[in-house]
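Undergrad: quick check, what structure comes out for this input:
(chains A, B, C and D)
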Protein chains: 2
Amino acid sequence: MDAVPVWLRERRTGVGRPAERSRAEVTAAAIALADREGLAAVSMRRVAAELGTGAASLYRYVDSRDDLLDLMTDEVAAGYRLPEPGGPWLAGLLEVCRQGRELMRRHGWLPELVLTRPALGPHGADLLEHVLAVLAGHPAGAGRKLEAFGVMTTLTAALALHERGPGAGQRQGAYLGHVVAAGRHPHLTAALAGGPLAPAPDFEDTVARVLTGLLGSR
Amino acid sequence: MDAVPVWLRERRTGVGRPAERSRAEVTAAAIALADREGLAAVSMRRVAAELGTGAASLYRYVDSRDDLLDLMTDEVAAGYRLPEPGGPWLAGLLEVCRQGRELMRRHGWLPELVLTRPALGPHGADLLEHVLAVLAGHPAGAGRKLEAFGVMTTLTAALALHERGPGAGQRQGAYLGHVVAAGRHPHLTAALAGGPLAPAPDFEDTVARVLTGLLGSR
DNA sequence: CTCATTCGAGAACACTGTTCGCGAACACCG
DNA sequence: CGGTGTTCGCGAACAGTGTTCTCGAATGAG
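TA: Sure, this is the predicted structure:
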C-alpha cells in the first residue's frame, strides 16, 4: 500500500546500462498516439511500436498503464500559459478555464482522464499554485479554494466531453425524442420544443455563474 | 451510423424460441457483480457466469458491453424516490442530489459511468422530467434548466468519486506533500498548512452554492 | 578486465470483447 | 400431426489486452 505516485519514483542514474529513452519520450509517444487515434488505442504494445521497441520495455519507465495515463494528463498541463496573477479573481479563473478547454479541444482524450482519474503531478501542482495565487486576496478559507479548483477542472472537462463530436449528446437526443412522443413527460416535451437540444449556451458564462455561486461575487 | 440507444431495441416476441432470461436479469447480474467486485470485474464472461450461462449468450440481450453499462446506469436511476414537486426549487433539487449521492455511495462504480458516458434511459428521462417539474415556476429558459440538470449530476458524481475510499484524493496528497517540501509553491503550502487536505467540506452546501450561482437565488 | 547493475525485449500467461456457426427449441400454419 | 420460419444458447475461435519472467547485452566503477 505504498501508493507512491509516478512522479516520485525517480530512476537512479550513473550505474548500469543507460536507458535508451526517457520517461518524457514515452509520454510524448502516448500523447501523439492518443491525439491521432483516441485513448482506446493507447495500449502498451501500440505505444511501444510508436517508439520502435517492445511492449515489455516500457515497464522500465512506467509501473503500469495507469501510471502512463497519469503522466499524459500532467504533461498536457504543461501547456498552460499562465499570466502573472493580479486583477479580479474571477477573470483570472476564467482565463484558466478557457485555456483548459482549449487544451481539451486539442486533446480529445483528456476530459475522460481528468474526470475519472484526477492526477496532480508537477504541472498540475503549478496550476493549482496559480489558482491559489489568483485567489490570494479572497476571504474564503483554504478548503473552499481547493474545492473551487476541483469544481473548475471537473466542470471544464465535463463540458468539453459533451461538446466533443456530435455523438455524445445527440445519441440521447434520439431516445428523448421517443420519450417525448410517448407523451408522458410534459415538462420534458416543453423543454425540447424550441430547438432539439441546446445544452451548451456559453462555456465561459456557465463557468462564471458556477464560480460566482461557489465563491461569492466580490 | 444508426446510433440507436439500447432502450429502443426491443425484442419481438411470439415467434421463435423463447428467451430463457430477460434484459433486466442480465442487467441485475451485472449490477450485483459490479457492487461486489467493481466495474473492472464486469466482463461478459463474468456476468454470464453469474447467470450460469456462456458469454456469447449475452449478445442476445445486448449489442455490446457498452450497452450493458448504459443499462446498468439507467437501472440504478430507478432507485430514486421522487417526492411530488412543490415548494422552493432549490430544496427540490438538493433532494435529488442527496438521493443521487446515496445511490452512488451504494454503487461505487456509478460515478465513473455517469461521468464518462452519461446515458439517459427511461428512468433517466423520468429523473429529468422531475427536475424540470421542480423548476417549472423558475423564469430561466429551457437551455439553462437542462444545463443545470447536467451540472447537478456531474457534480454529484465527481464529489462521490472523490470521497470513495481513502485512495482517491490521498494519493495526490502524498505527492503534494513532496511539492510543498520543495518550497516553490507558497500558496499551496499555506493552503495545506491547516489540515493535510480537506476538499469536501459539506456536500449539500457545495451543491447549493453551485446551483444558486447557476439559476439565481429566487 | 571484472563485476555489479541496469536495460531491452521475446515469450508466455491469463484475460478481454466480439463473431461464427450450428443444434435445439418453440409458435404458427396447413 | 408434420413442416417451417425464426429465435435462442453457446462452444470455439480470433485478435487483441496488461503484465511478468527471463535472460542476454550493455554499461560505468573499481
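Undergrad: backbone dihedrals for residue A:16, please?
TA: Main-chain torsions, residue A:16, degrees, to the nearest 10: phi 90, psi 180.
Undergrad: so what are the domain limits for chain A?
TA: A:6-76, A:80-163+A:200-215 (automatic domain parsing).
Undergrad: which one of the ones you listed is the most hemmed in?
TA: Across the domains of chain A, the average number of neighbours (mean count of other C-beta atoms under 10 Å in any protein chain shown) peaks for domain A:80-163+A:200-215, which reaches a mean of 19. For the C-beta atoms, the positions are set from N, CA and C on the backbone; glycine is no exception.
Undergrad: follow-up on the earlier one: for residue B:145, which of the domains of chain A is the nearest?
TA: Of all these, it is domain A:80-163+A:200-215 that lies closest to residue B:145, at 11.1 Å by C-beta to C-beta.
Undergrad: show the end-to-end separation of the closest one, please.
TA: Domain A:80-163+A:200-215 stretches 23 Å from its first residue to its last (C-alpha to C-alpha, to the nearest Å).
Undergrad: wait, isn't residue A:109 in contact with residue A:33?
TA: No - Residue A:109 lies out of contact with residue A:33 (C-beta atoms under 8 Å); the separation is 9.7 Å.
Undergrad: related to what we said a few turns ago, select, out of the domains of chain A, the one closest to chain B.
TA: Closest approach to chain B among the domains of chain A (C-beta to the nearest C-beta): domain A:80-163+A:200-215, 1.7 Å.
Undergrad: average pLDDT for that closest one, rounded please.
TA: Averaging pLDDT along domain A:80-163+A:200-215 yields 95.
Undergrad: check contacts around residue A:57.
TA: Contacts for residue A:57 (C-beta atoms under 8 Å, 6 or more residues apart in numbering or on different chains) come out as residue A:48.
Undergrad: any idea how far it lies from residue A:5?
TA: The gap separating residue A:57 from residue A:5 is 22 Å, by C-beta to C-beta, to the nearest Å.
Undergrad: how about the helices in chain A?
TA: With DSSP state H, the ranges of helices along chain A come out as A:23-37, A:44-50, A:65-76, A:89-106, A:110-116, A:122-134, A:142-162, A:168-182, A:186-191, A:203-215.
Undergrad: point out the residues in chain A that sit beside DNA strand D.
TA: Residues of chain A lying close to DNA strand D (C-beta under 7 Å from any atom of the strand) are A:14-18, A:41-46, A:55-56, A:59, A:64-66.
Undergrad: switch the cut-off to 10 Å
TA: Contact residues, chain A versus DNA strand D (C-beta under 10 Å from any atom of the strand): A:13-18, A:20, A:37, A:40-49, A:54-60, A:62-69.
Undergrad: give me the pLDDT value at residue A:8.
TA: The model reports residue A:8 with a pLDDT of 80.
Undergrad: give me every residue that touches it.
TA: By C-beta under 8 Å, 6+ apart, the contact set of residue A:8 is B:174, B:175, B:178.
Undergrad: for the closest residue to residue A:74 other than its chain neighbours, what are its contacts?
TA: Among residues not flanking residue A:74 along the chain, residue A:121 sits closest, at 3.0 Å (C-beta to C-beta, 6 or more residues apart in numbering or on different chains). Residues in contact with residue A:121 (C-beta under 8 Å, 6+ apart) are A:5, A:6, A:7, A:70, A:71, A:73, A:74, A:75, A:77, B:175.
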